[in-house]
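Novice: Need a 3D model of the following:
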Amino acid sequence: MTATPRSAAQRGPRSDLLPRQQHGGAPQHLLMTLYADYWLSTDGWASSAALVRLLAEFDITGTSGRAALSRLSRRGMMNVHRHGRRTFYGVEGAAAATLADSVRKVLSFGVTSEPWDGMWTTVAFSVPEEQREIRHQLRTRLRWLGFAPIFDGFWISPTASAGDTVHELDVLGVTSAVVLRTDGAAGGRPLTEAWDLDEVRGLYDEFIATTAPLADRVRAGAVTSAEALVCRTQVMDEWRTFRWKDPGLPAALLPGDWPRDTARALFAEVYDGLGPLAEHRVRQIVLESDPDDAGLVRHHTTSRVP
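Specialist: Sure, this is the predicted structure:
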């Protein structure tokens, strides 16, 4: 067993600059997804007119779209640049680094990893009741790293690094904590019981059932550019939920028929396959208001990330 001391680690980008995970088409969440998918690779700026028009493809009204842009700006998640009477939005600095890191983690999720070394990362922490918001943020960040609770203040992960865990504690200023690497069990209880694997399996089965027909249509070339934009965004949003729900347990801890590999293959095929068509649709929309900026639109794939 080895202990990682709680030292003053160098602080990197704040992960709380990103919208909290949410389902559906909430405009702020949707804007960040679209920016990440089509502008992040070029560090591009998009006009408010183009972004609001793009949201209309997802049945978001102009009023809601403009309000979402304003809120993202106030939260420091998007920067604003004004040129005459026109307003442009982009993501820079720490927010851009955080967004790129988030995209890479989502797009790489489910890729077969190296054999597990049998070691667990554990974190024990105590956060006072008057710091409830910090406690909530810490739990959210630990889940993002692949942890689950054995007890309220004792969390485990077979894949999270001790360094990343210490970093998150430092960012939030949590000093009453200890991070360990161990191969022991928690009082004899099977550690995989910390996760609801039946629920995760059900989510994968549902994803496969709904995505497989779409993959068939992609192979047949039966998807329009407008449909490609919406479907690609939806499949990205759905895949992102697994980064929260599935801790990415090593194969040695999972049933032999675990559906993650099948789901991952479908996600990559659809997301990558729809990329050129979706990019074409975004360029069409940008051309309506910003002909000179259409070249800033560029999609990425699961193997070519920003």
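Novice: So for stretch 127-142, what gets flagged as buried?
Specialist: Residues of stretch 127-142 classed as buried by neighbour count (16 or more other C-beta atoms under 10 Å): 127, 135, 137, 138, 139, 141, 142. (Each C-beta comes from the backbone N, C-alpha and C, glycine too.)
Novice: Now do the phi/psi pair for the residue in the chain sticking out farthest from the centre.
Specialist: Within the chain, residue 84 marks the point farthest from the mean C-alpha position, 34.7 Å out by C-alpha atoms, centre = their mean. Phi and psi for residue 84, reported as degrees, to the nearest 10, are phi 70, psi -130.
Novice: what does residue 157 give?
Specialist: Torsion angles, degrees, to the nearest 10, at residue 157: phi -160, psi 140.
Novice: Repeat that for residue 136.
Specialist: The phi and psi torsions at residue 136 (degrees, to the nearest 10) take the values phi -60, psi -40.
Novice: Please name the residues that touch residue 211.
Specialist: With contact set as C-beta atoms under 8 Å, 6 or more residues apart in numbering, residue 211 has these partners: 235, 238, 263, 266, 267, 270.
Novice: Mind checking which of these land in helices?
Specialist: 235, 238, 263, 266, 267, 270 (DSSP state H).
Novice: Where does the nearest residue to the fourth one once chain neighbours are set aside fall, secondary structure wise?
Specialist: Nearest non-adjacent residue to residue 266, counting by C-beta to C-beta, 6 or more residues apart in numbering: residue 211, 4.6 Å away. In this assignment (DSSP states H and E), residue 211 forms part of helix 197-219.
Novice: Any buried residues in that helix, and which?
Specialist: Taking 16+ other C-beta under 10 Å as the neighbour-count basis, helix 197-219 is seen to contain the buried residues 197, 200, 201, 203, 204, 207, 208, 211, 214, 215, 218.
Novice: which one of these sits closest to residue 164?
Specialist: The shortest gap between residue 164 and any of these belongs to residue 200, at 21.7 Å (C-beta to C-beta).
Novice: of all the ones in helices among the contacts of residue 211, which comes closest to residue 150?
Specialist: Lowest distance from residue 150 to the ones in helices among the contacts of residue 211 (C-beta to C-beta) belongs to residue 263, with 26.9 Å.
Novice: ok, the closest residue to the closest one other than its chain neighbours to residue 298 distance?
Specialist: The spatial neighbour of residue 263 that comes closest, neighbours along the chain excluded (C-beta to C-beta, 6+ apart), is residue 204 at 4.8 Å. According to C-beta to C-beta, to the nearest Å, residue 204 and residue 298 sit 30 Å apart.
Novice: got it, and residue 269?
Specialist: Residue 269 sits 20 Å away from residue 298, taking C-beta to C-beta as the criterion.
Novice: likewise residue 228?
Specialist: When C-beta to C-beta is applied, the distance between residue 228 and residue 298 equals 15 Å.
Novice: quick one: which of the two has more around it?
Specialist: With neighbours defined as other C-beta atoms under 10 Å, residue 228 and residue 298 compare such that residue 228 has more, 22 against 17.
Novice: The more buried one: helix or strand, and which one exactly?
Specialist: Under the assignment given by DSSP H and E, the secondary-structure element containing residue 228 is helix 225-245.
Novice: And the contacts of that helix?
Specialist: Surrounding helix 225-245, the residues in contact under the criterion C-beta under 8 Å, 6+ apart are 21, 23, 29-30, 33-34, 37, 57-58, 105-106, 109-110, 143-144, 199-200, 203-204, 207, 211, 214, 223, 260, 263, 267, 270-271, 274-275, 277-278, 280-282, 284.
Novice: what's the answer for stretch 55-70, then?
Specialist: Contacts for stretch 55-70 (C-beta under 8 Å, 6+ apart): 25, 27-28, 30-31, 34, 48, 51-52, 78, 89, 226, 229-230, 233, 281, 285.
Novice: In it, which residues are buried?
Specialist: Within stretch 55-70, judged by 16+ other C-beta under 10 Å, the buried ones are 55, 57, 60, 64, 65, 66, 68, 69.
Novice: can you redo those residues as JSON lines with distance to residue 157?
Specialist: Output for these, formatted as JSON lines (distance: C-beta to C-beta, whole Å):
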{"residue": "55", "distance to residue 157": "36"}
{"residue": "57", "distance to residue 157": "38"}
{"residue": "60", "distance to residue 157": "36"}
{"residue": "64", "distance to residue 157": "38"}
{"residue": "65", "distance to residue 157": "38"}
{"residue": "66", "distance to residue 157": "41"}
{"residue": "68", "distance to residue 157": "33"}
{"residue": "69", "distance to residue 157": "36"}
